[in-house]
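Asks: Output the structure for:
(one chain, ligands or ions: 1)
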Amino acid sequence: MVNSVVYKDTDLVLSVESVSKSFDGFKAINDLNFYLGEGELRTIIGPNGAGKSTFMDLITGRTRPDEGTVTFHQDDGHDLDLTKLREYQINRLGISRKFQTPSVYQDHSVYDNIVLSLNHGRGVWQSLLYKESAADKEAIEEVLETVRLQDLCNERAGLLSHGQKQWLEIGMLLAQKPRILLVDEPAAGMSDEETERTGELLLSLEGKHSIMVIEHDMEFIRQIARKVTVLHQGHVLKEGKFLEVANDPTVKEVYLGRQKHD
Ligand SMILES: Nc1ncnc2c1ncn2[C@@H]1O[C@H](COP(=O)(O)OP(=O)(O)OP(=O)(O)O)[C@@H](O)[C@H]1O
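Replies: Numbering: from 1, shown residues only. Here you go, the predicted structure:
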């Protein structure tokens, strides 16, 4: 097993301890320990097959671990073991996930997409017929401003660029005021300008939400990196600041060398 350096902060929102998960005898996640601080922006990197997606699946309840605990430290001071909960229950606790491909209501306006996500639980038509309160409107405006789509609020979502759709979906999740936001390769398929704006968006969320971003694009990671966790063979290989991680010989060997990014 590789030696790992895992930092444990006091103000935590999530503690993943001794978690393992095998698929047909293959350990995709192997005795993983990971701690996420309140309001932290964390980047997770690792070569293909390192276990990044499985790690997210274990947090969101999509997959159950064979061993270990995933503890969500709630606002009210009570801890909850997420491994005992179902996916929808975890989502209701304020743990949201953004998958790599954008998922928006193509035929509805940008504004209505946010309305639809605000009214989570109601059907599409019920949500659209529902009259937003002044507080809802304010929340929607705030989200649109955060994701910088105010000028496109009446535009049909299907007509947005790939990057704009990704921002809209992030906005839809933000409207639900998540405590933890898991974001899977947000910059994939984006232009350089869109990538930079995505980085600015994620940085602007720091302190307001706890965010975990899986990414491969090293330039983008450099832009958003605070603490970086390197996963390798389902275990934390290294954790630290971008340069500490990027200059680490073992990390270079297992990850950066193969990714042709330096
Ligand atoms: N449902 C499954 N059944 C069998 N094997 C799986 C399953 N899910 C993941 N694996 C295996 O577990 C390992 C880790 O996969 P995972 O997708 O978590 O890695 P990753 O770091 O997200 O990779 P990538 O960067 O390529 O997306 C891989 O070898 C994968 O084939």
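
Asks: Run through the neighbouring helices and strands of the helix or strand harbouring Val213.
Replies: For Val213, the host element (DSSP states H and E) is strand 210-214. Contacts defined by 3 or more Cβ pairs under 8 Å, 6 or more residues apart in numbering; DSSP states H and E place strand 210-214 against strand 26-37, strand 41-45, helix 52-60, strand 180-184, helix 192-205. In this view, the C-beta of every residue, glycine as well, is placed from N, C-alpha and C.

Asks: Can you add mean neighbour count and give the ones you listed back as a markdown table?
Replies: Below are the helices and strands packed on strand 210-214 laid out as a markdown table (neighbours: other Cβ atoms under 10 Å):
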| stretch | mean neighbour count |
| --- | --- |
| strand 26-37 | 20 |
| strand 41-45 | 24 |
| helix 52-60 | 21 |
| strand 180-184 | 22 |
| helix 192-205 | 17 |
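
Asks: Any chance of these in TSV with mean pLDDT as columns?
Replies: TSV is the format used below for the helices and strands packed on strand 210-214 (pLDDT from 0 to 100):
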stretch	mean pLDDT
strand 26-37	97
strand 41-45	96
helix 52-60	97
strand 180-184	96
helix 192-205	96
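
Asks: Kindly reformat these as a markdown table containing distance to the ligand.
Replies: Putting the helices and strands packed on strand 210-214 into a markdown table (distance: least, Cβ to the nearest ligand atom, whole Å) gives the following:
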| stretch | distance to the ligand |
| --- | --- |
| strand 26-37 | 3 |
| strand 41-45 | 9 |
| helix 52-60 | 3 |
| strand 180-184 | 9 |
| helix 192-205 | 18 |
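
Asks: Just give the nearest non-adjacent residue to Ser15, would you?
Replies: With sequence-adjacent residues excluded and distances taken as Cβ to Cβ, 6 or more residues apart in numbering, Ser15 is closest to Thr71, at 4.4 Å.

Asks: picking up where we left off before, so which of the helices and strands packed on strand 210-214 is nearest Asp151?
Replies: helix 192-205 (13.7 Å; Cβ to Cβ).

Asks: Next, the residues that contact that closest one from outside, please.
Replies: Here helix 192-205 makes contact (Cβ atoms under 8 Å, 6 or more residues apart in numbering) with 41, 146-148, 161-163, 166-167, 170, 174, 181, 183, 186-187, 190, 211, 213, 217, 219-220, 223-224.

Asks: can we see that at 6 Å?
Replies: By Cβ atoms under 6 Å, 6 or more residues apart in numbering, the list of residues contacting helix 192-205 from outside reads 163, 186-187, 211, 220, 223-224.

Asks: can you map out the helices along the protein?
Replies: For the chain, the helices defined by DSSP state H cover 52-60, 87-92, 110-118, 124-129, 134-146, 162-174, 192-205, 218-224, 242-246, 249-251, 257-259.

Asks: mind checking which of those helices is nearest Glu17?
Replies: Once the helices of the chain are compared by Cβ to Cβ, helix 52-60 is nearest, at 11.7 Å.

Asks: For the residue nearest to Ser15, list the residues it contacts.
Replies: 15, 79, 81.

Asks: any chance of those residues in a markdown table, plus pLDDT?
Replies: Shown next, in a markdown table, are those (pLDDT from 0 to 100):
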| residue | pLDDT |
| --- | --- |
| Ser15 | 97 |
| Asp79 | 92 |
| Asp81 | 96 |
